[in-house]
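**Student:** The amino acid sequence is not available; the structure is as follows:
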């Protein structure tokens, strides 16, 4: 009897997730239009027409069907990840349809993440040599892991502001994680590779309908699902790196920061600007880097392309730097480069403003 290989197994799972997402979105768009379930434009929104917001429903369906069909018993964390996905799915769907109070939304996210971290034991066990710290107490490990996943979840939620951006960045990062898990080690790692490629597959299918002009948005459902899975994969990536057989990194927490530079640095930058301006970090505005690029007159597609290209370049830079520089220096270099790149659009806009007032 023919024995399916790990590569064929992952490809089949990814293809299933891709097709489920791809073929379910047209029906979701039709129902959304019939029931008026769309995002209406306003002064803070980058789109000009009503756009359905339930793309995350198709993403969830693709991931869940493929994960249920193809995951093996060795993937013991799957049931906890599935449970967390279901919780996040319902939180996102409610927020996309009738809105949900921020506190309730955060509590729901916290419960989902705690299930994965505490019950599923998907944890950062230390700082992996960052600032000279290695292993930490279990309580610190749990808090650190919960914080990390929550930050990544909400980072992706915040960058989901223009066509294709969150999906494209998520696709790049999930594909990287999938490749890393696939080339490193036993069948157990292949299950994590499958999870990463499932996410990449549904994001690729979703992008077909999300490029300018967008026919549908992923909504909070899609961005939270993307952020949750990438947060989980990030924690696992960092924790499994010491046992990697083919591609092992130094300065792991900073390497992970570089891979997720777009959602993490943009969130840090925007929150800092808001606090220095005397506003709440959660106060909505148009200071995200994608808003700055749109203000320069760029299209959604061009702004997304520039940001995604920068993310890929940063990943390459991190890969090249990590054997030669320590974690602190790498972090300083990354923050300096990103600060400079983010300052360029603001500098151009100020120069244009001063010319127009003369």
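**Tutor:** Happy to help now that I have it. This one's a predicted model, so the numbers in the text were calculated from it and none came from an experiment.
**Student:** for the stretch 51-200 of the chain, what are the low-confidence residue spans?
**Tutor:** 128-129, 131-132 (pLDDT under 70).
**Student:** residue ranges of the helices in it, please?
**Tutor:** 55-70, 78-97, 102-114, 138-159, 165-183, 187-210 (DSSP state H, counting those that start in this stretch).
**Student:** Nearest to residue 323, out of these?
**Tutor:** Distance to residue 323, taken as C-beta to C-beta, is lowest for helix 165-183 among the helices of the stretch 51-200 of the chain, at 16.2 Å. Yep, even glycine has a C-beta here, placed from its N, CA and C like the rest.
**Student:** quick one, the closest one and helix 187-210 angle?
**Tutor:** 160 degrees (axes from the mean of the first three to the mean of the last three C-alpha atoms, to 10 degrees).
**Student:** Tell me if I'm right that residue 56 and residue 91 touch.
**Tutor:** No - contact criterion C-beta atoms under 8 Å: residue 56 and residue 91 do not qualify, at 10.7 Å.
**Student:** If you count surrounding residues, which of these two has more?
**Tutor:** A side-by-side neighbour count of residue 56 and residue 91, using other C-beta atoms under 10 Å, places residue 56 first with 27 against 22.
**Student:** Distance-wise, check that one relative to residue 263.
**Tutor:** 16 Å (C-beta to C-beta, to the nearest Å).
**Student:** Same question for residue 112.
**Tutor:** 18 Å.
**Student:** which residues make contact with stretch 21-35 from outside it?
**Tutor:** 37-38, 52-55, 57-59, 61-62, 201-202, 205-206, 208-209, 215-216 (C-beta atoms under 8 Å, 6 or more residues apart in numbering).
**Student:** Can you point out the buried residues in it?
**Tutor:** 21, 22, 24, 25, 28, 29, 32 (16 or more other C-beta atoms under 10 Å).
**Student:** What strand or helix carries the third one?
**Tutor:** So the one you mean is residue 24. Per DSSP states H and E: residue 24 is located in helix 6-35.
**Student:** got the angle between that helix and helix 55-70?
**Tutor:** 150 degrees.
**Student:** strands paired with the helix or strand following helix 6-35, and their directions?
**Tutor:** Proceeding N to C from helix 6-35, the next assigned helix or strand is strand 38-39, under DSSP H and E. For strand 38-39, the paired strands and their directions (DSSP bridges) read strand 51-52 (antiparallel).
**Student:** Run through who's touching the partner strand.
**Tutor:** Outside strand 51-52, the residues within contact range by C-beta under 8 Å, 6+ apart are 28, 29, 32, 33, 37, 38, 39, 214, 215, 216, 217.
**Student:** Which two among the residues you listed are spaced furthest apart?
**Tutor:** 37 and 214 (15.0 Å).
**Student:** Neighbour count for the two, which is higher?
**Tutor:** Neighbour count, other C-beta under 10 Å: between residue 37 and residue 214, residue 214 has more, with 21 against 18.
**Student:** quick revisit: closest to residue 335 out of the helices of the stretch 51-200 of the chain?
**Tutor:** helix 138-159 (15.4 Å).
**Student:** Packing partners of the closest one?
**Tutor:** Using 3 or more C-beta pairs under 8 Å, 6 or more residues apart in numbering; DSSP states H and E, the elements in contact with helix 138-159 are helix 102-114, helix 165-183, helix 219-240, helix 261-276.
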